[in-house]
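S.K.: show me how the following folds:
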Amino acid sequence: MKTTTQIQLSLMMFLEFFIWGGWFVTMGIYLPNTLKTSGGEIAMAYSTQSWGAIIAPFIIGLIADRFFNAERILGILHLIGAFLMYQMANTTDFGAFYPYVLGYMIAYMPTLALVNSVSFNQMNDPAKQFSFVRVFGTIGWIVAGLVISYIFHWDSEEGVANGLLKNTFLMTAIASAVLGVFSFTLPKTPPKVSKDQKISVSDILGLDALKLLKDRNFLFFFLASILICIPLAFYYQHAGQFLGEIGVANPAAKMTIGQASEVIFMLLLPFFFKKFGFKKTLLVGMLAWTLRYLLFAYGNAGELAFMLITGIALHGICYDFFFVSGQIYTDSKAGEKFKSAAQGLITLATYGLGMLIGFYVAGKITDSNIISEGQHDWNSIWVFPAIFAAVVMLLFAVFFKNENVEYKE
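M.R.: Numbers count the residues shown, from 1 in each chain. Okay, here's the model as predicted:
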């Protein structure tokens with residue numbers, strides 16, 4: 001791969017995740033403080049990610065894979081996203097905000113697959129080359145949080161009080177427009193299949209991989225993947241709101257510690273996989289979810305702030321040890337015939353169904369623990385996902401029988 005191509009792909013990844021990190025974390029602070037939303041309404045806003053994940057395969061399978069170059073669709077979707085993000089910044093109530101965020105996530109979620117397609121199409125050895133490109137996406141997410149907290153101070157107590165968090169949407173709109181235009185300069189990535197080739201809904205959603213559920217072990221893993229997304233949704237939806245509400249300074253920047261740890265534990269994953277095996281690696285990931293929420297439940301913005309930072313830093317273990325390990329396990333169980341279908345099914349089950357349930361539950365739990373206007377009983381809120389993750393971990397430990405899974409870099 002040419003150096004210029006690697007630079008192009010790295011910049012594409014940087015902007016792709018700078019955009020997501022530039023508004024998704026702080027939306028949980030923006031909505032209750034600026035638009036005065038309830039926990040249920042915050043859940044509706046965050047669940048648009050799940051609806052986007054459910055609809056994305058149709059956009060990829062019916063359009064991107066058959067009719068147009070991936071880089072062109074990527075550009076069009078980000079230009080549409082720039083417009084919708086600008087509209088989100090200028091809404092004054094949740095009723096007007098919701099249609100725009102729903103439209104935005106329907107446009108954005110397919111781009112996650114498109115940037116991978118554009119990257120893989122230029123690589124002769126993706127196993128070695130992709131990580132050096134993808135890491136710039138994590139860097140982009142981290143930079144977005146640092147810019148919000150340390151350069152513009154939009155998430156400071158004063159910034160939130162003055163409604164400055166709306167600027168995160170404007171910043172994202174600009175970045176989306178830049179990536180939209182830049183996408184048309186990316187290397188050509190033509191459609192994968194002929195427009196005349198028949199493709200079914202089953203193919204698009206990966207439903208052929210349902211046959212794997214006949215395997216008892218894979219069935220328990222599949223169910224655990226859906227269930228663990230319920231505590232995951234609490235983190236995505238309410239961690240930023242929680243940190244801001246209890247007075248933690250620069251919450252957007254603090255949240256980037258989670259992305260930094262993701263990079264570190266991604267590098268450590270092969271070691272854990274080889275030394276402890278798949279089942280123990282997944283159990284460590286589930287245990288980390290329980291520990292994280294207990295740290296959130298009993299930490300504070302004062303002397304016990306280190307507990308909150310530790311909880312955020314556990315994100316690398318929580319995500320990598322469960323979800324990345326799960327992708328490797330799915331790949332090993334599927335075989336050549338069902339590889340793509342199986343990954344599509346797991347993505348649909350987790351980011352689609354699991355997170356949709358999780359966002360709803362998180363909103364209900366949060367609304368049921370309001371102390372006064374703008375104040376919540378966060379101890380009770382965080383104890384729920386802690387116990388839930390512990391129960392899932394115990395059930396998985398009992399019912400999943402250990403098996404050898406080869407780690408492929």
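S.K.: what average pLDDT does stretch 138-147 get?
M.R.: Per-residue pLDDT values over stretch 138-147 give a mean of 95.
S.K.: actually, stretch 277-290.
M.R.: 94.
S.K.: now stretch 324-334
M.R.: Taken as a whole, stretch 324-334 carries a mean pLDDT of 82.
S.K.: buried sites along the helix or strand hosting K128?
M.R.: Using DSSP states H and E, K128 sits within helix 126-146. Residues of helix 126-146 classed as buried: 129-130, 133-145 (neighbour count, 16 or more other Cβ atoms under 10 Å). No exception for glycine: its C-beta is placed from N, CA and C like everyone else's.
S.K.: stretch 391-404 now?
M.R.: Using 16+ other Cβ under 10 Å as the burial criterion, the residues of stretch 391-404 that qualify are 392-393, 396, 400.
S.K.: export that stretch as PDB, just CAs?
M.R.: As requested, C-alpha coordinates have been extracted for stretch 391-404 and formatted as PDB (Å, rounded to 0.1, in the frame of the first residue of the first chain):
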ATOM      1  CA  VAL A 391     -25.800 -12.200  36.900                       C
ATOM      2  CA  VAL A 392     -25.000 -12.500  33.200                       C
ATOM      3  CA  MET A 393     -21.400 -13.400  34.100                       C
ATOM      4  CA  LEU A 394     -22.500 -16.100  36.500                       C
ATOM      5  CA  LEU A 395     -25.000 -17.700  34.000                       C
ATOM      6  CA  PHE A 396     -22.300 -17.600  31.300                       C
ATOM      7  CA  ALA A 397     -19.800 -19.300  33.600                       C
ATOM      8  CA  VAL A 398     -22.200 -22.100  34.400                       C
ATOM      9  CA  PHE A 399     -23.700 -22.800  31.000                       C
ATOM     10  CA  PHE A 400     -20.900 -22.100  28.600                       C
ATOM     11  CA  LYS A 401     -18.500 -25.000  28.200                       C
ATOM     12  CA  ASN A 402     -14.900 -24.000  27.600                       C
ATOM     13  CA  GLU A 403     -13.500 -24.700  24.100                       C
ATOM     14  CA  ASN A 404     -10.300 -23.800  22.300                       C
END
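S.K.: C-terminal to the longest helix along the chain, what's the next element?
M.R.: Secondary structure of the chain read by DSSP state H shows that its longest helix is helix 251-298. Once the chain leaves helix 251-298, the next helix or strand it forms, by DSSP H and E, is helix 305-313.
S.K.: which element follows that next one toward the C-terminus?
M.R.: Next element after helix 305-313 (DSSP H and E): helix 315-319.
S.K.: buried sites along the next helix or strand after that next one?
M.R.: Helices and strands here follow DSSP H and E; after helix 315-319, the next one along the chain is helix 325-347. Neighbour-count burial for helix 325-347 flags 325-326, 328-334, 338-339, 341-347 (criterion: 16+ other Cβ under 10 Å).
S.K.: ok, now stretch 269-283?
M.R.: Residues 269, 272-273, 277-279, 281-283 are the ones in stretch 269-283 that count as buried (16+ other Cβ under 10 Å).
S.K.: show me the shaky parts of the stretch 301-409 of the chain.
M.R.: Scanning the stretch 301-409 of the chain for pLDDT under 70 picks out 335-340, 406-409.
S.K.: redo that, cut-off 80
M.R.: Scanning the stretch 301-409 of the chain for pLDDT under 80 picks out 331, 334-345, 404-409.
S.K.: which other residues reach the helix holding K128?
M.R.: Contacting residues not belonging to helix 126-146 are listed as 1, 6, 9-11, 13-22, 25, 115, 119-120, 123, 171, 252-253, 255-256, 259-260, 262-263, 408-409 [Cβ atoms under 8 Å, 6 or more residues apart in numbering].
S.K.: mind checking which of those residues land in helices?
M.R.: Using DSSP H, the members of the contacts of helix 126-146 that fall within helices are 6, 9-11, 13-21, 115, 119-120, 171, 252-253, 255-256, 259-260, 262-263.
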